[in-house]
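Q: From the sequence below, what's the structure:
(one chain, ligands or ions: 1)
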Amino acid sequence: MNMILKFALPLLAIALVAMAPAAVRAAMLEDDQYDVPYVPTPMKTVGRMLEMAKVKPSDVLYDLGSGDGRIVISAVRDYGALRAVGVDINPVRIRESNENARKAGVTDKVKFYEANIFEHDFSEASVLLMYLLTEVNLKLRPKILATLKPGTRVVTHDFDMGEWEPDDVASMDGFRHVYMWIVPANVDGTWEVTAGGAKYPLVLEQFFQQLSGSVQLAGKTVAFRTGHLDGVNVTFEANALSGNNATPAIYTAKATGAGALEGTIDIGGKKVAFTARRTGPSPAIDAPRSK
Ligand SMILES: C[S@@+](CC[C@H](N)C(=O)[O-])C[C@H]1O[C@@H](n2cnc3c(N)ncnc32)[C@H](O)[C@@H]1O
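A: Prediction:
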């Protein structure tokens, strides 16, 4: 089946270009030089994307490959974002976007850059939207994880991020999908926990927002039962002691800007404050090991 599709789809594409009216044909061929063709997101789906991104008044939103500017304009006009920025490589789209922003009366809150998304700095974004292709998302993924602040929401239309599983998915009209991810803090590595006067080693193994690992208690390695990251919020559960009558210990912490963990351990309902500091390097998140 895959083999048939592999050969049939290019032939179908050629037939469609040949059959299209001259103006449409010119646009299709012009688009062919870019990483992704121009296909606008229907406004109903734009609304769903912005709702899933939970846009708030302090947000700076970026749309990578912003087309006619509809997502950028709707973010400030309909969802109250502080500012919104579109990046598109096609000068025709940038002209349309500026004209649409003028008509919508939002030129003071939006900016459109004629630029290549792979070269443009979008690190100030607190919300990132994309309607690109999975292979393009995957090329952008290391930059997204390395440069965006933890807690930044990333929303895509129809195309996912490979093994980085979404934190939320919505289906639209039976065939469209909207995906949402929260950029996790980087906590991968070795740590030392200080809690209730004791110090002990902690190993965090991060796979995007999923955490596994272990603590070393009384010379024994106690593996986590569960672990998760929601932006800077870290939770994992281990047993307070290994052995038959072990009590669950639920660790809840924030990864601070200074690269430390600060939180509490809930041991059978009793709460103990803890901090942790790194004792080893901090590897990039997007160099995933197999699970
Ligand atoms: C599928 S459209 C999405 C348009 C808009 N985001 C929307 O959802 O309505 C993809 C857009 O990406 C732009 N594009 C493709 N490759 C690009 C690149 N390397 N850098 C910047 N823009 C690119 C195309 O010009 C097109 O406007």
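Q: Of all the residues in the stretch 151-291 of the chain, which one is nearest the ligand?
A: Relative to the ligand, the nearest point of the stretch 151-291 of the chain is His157 (5.8 Å; C-beta to the nearest ligand atom). Where C-beta positions appear, they are placed from N, C-alpha and C, glycine not excepted.
Q: my guess is that residue contacts Val178, does it?
A: Yes. Contact status for His157 versus Val178: in contact at 6.1 Å, counting by C-beta atoms under 8 Å.
Q: Report the contact partners of Ala101.
A: Gly69, Val72, Ile73, Thr107, Val110, Phe112 (C-beta atoms under 8 Å, 6 or more residues apart in numbering).
Q: what do you get if the cut-off is 7 Å, keeping everything else the same?
A: Residues near Ala101 by C-beta atoms under 7 Å, 6 or more residues apart in numbering: Gly69, Ile73, Thr107, Val110.
Q: try Thr247
A: Counting by C-beta under 7 Å, 6+ apart, Thr247 touches Asn239, Ala240, Ile267, Gly268.
Q: Over to Asp68?
A: Taking C-beta under 7 Å, 6+ apart as the criterion, Asp68 is in contact with Pro40, Arg93, Glu96, Ser97, Asn100.
Q: One more: Val87?
A: Applying C-beta under 7 Å, 6+ apart, the residues near Val87 are Tyr62, Leu64, Ser66, Tyr113, Ala115, Ile117, His120.
Q: tally of neighbours for the first one?
A: To tie it back to what came earlier, the one meant is Tyr62. By other C-beta atoms under 10 Å, the residues close to Tyr62 number 30.
Q: does it count as helix, strand or coil?
A: Assigned with DSSP: H, G, I helix; E, B strand; the rest coil, Tyr62 falls in the strand class.
Q: What about the closest residue to Ser123 other than its chain neighbours, how many residues nearby?
A: With sequence-adjacent residues excluded and distances taken as C-beta to C-beta, 6 or more residues apart in numbering, Ser123 is closest to Thr147, at 4.2 Å. Per other C-beta under 10 Å, the neighbour tally for Thr147 reads 14.
Q: how much space between Thr147 and Asp286?
A: Distance of Thr147 to Asp286, computed by C-beta to C-beta, to the nearest Å: 11 Å.
Q: can I see the domain layout of this structure?
A: What automatic domain parsing lists as the domains of the chain is 34-182, 189-278.
Q: Scan the helices and strands of this structure for the one with the lowest mean pLDDT.
A: Within the chain, no helix or strand scores below helix 2-19, which has a mean of 48 by mean pLDDT, DSSP states H and E.
Q: Can you list which of the contacts of Val87 are found in strands?
A: Mapping the contacts of Val87 onto strands (DSSP state E) picks out Tyr62, Leu64, Tyr113.
Q: Closest one of these to the ligand?
A: Nearest to the ligand among these, counting by C-beta to the nearest ligand atom, is Leu64 at 6.7 Å.
Q: That closest one contacts Ile117, doesn't it?
A: Yes. Counting by C-beta atoms under 7 Å, Leu64 touches Ile117, with 4.4 Å between them.
Q: quick one: the strands in the stretch 51-200 of the chain?
A: 60-64, 83-88, 110-114, 127-130, 153-157, 168-172, 176-182, 189-195, 198-207 (DSSP state E, counting those that start in this stretch).
Q: what angle separates the third one from strand 60-64?
A: This means strand 110-114. 30 degrees (axes from the mean of the first three to the mean of the last three C-alpha atoms, to 10 degrees).
Q: what pairs with strand 110-114, and is each one parallel or antiparallel?
A: Using DSSP bridges, strand 110-114 pairs in its sheet with strand 83-88 (parallel).
Q: Send me the partner strand as PDB with only the CA atoms.
A: Taking Å, rounded to 0.1, in the frame of the first residue of the first chain, the C-alpha atoms of strand 83-88 are listed here in PDB:
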ATOM      1  CA  ARG A  83       1.600  41.000  20.900                       C
ATOM      2  CA  ALA A  84       1.700  38.500  18.000                       C
ATOM      3  CA  VAL A  85       4.400  37.800  15.400                       C
ATOM      4  CA  GLY A  86       4.200  36.000  12.000                       C
ATOM      5  CA  VAL A  87       7.100  34.600  10.100                       C
ATOM      6  CA  ASP A  88       6.700  33.600   6.400                       C
END
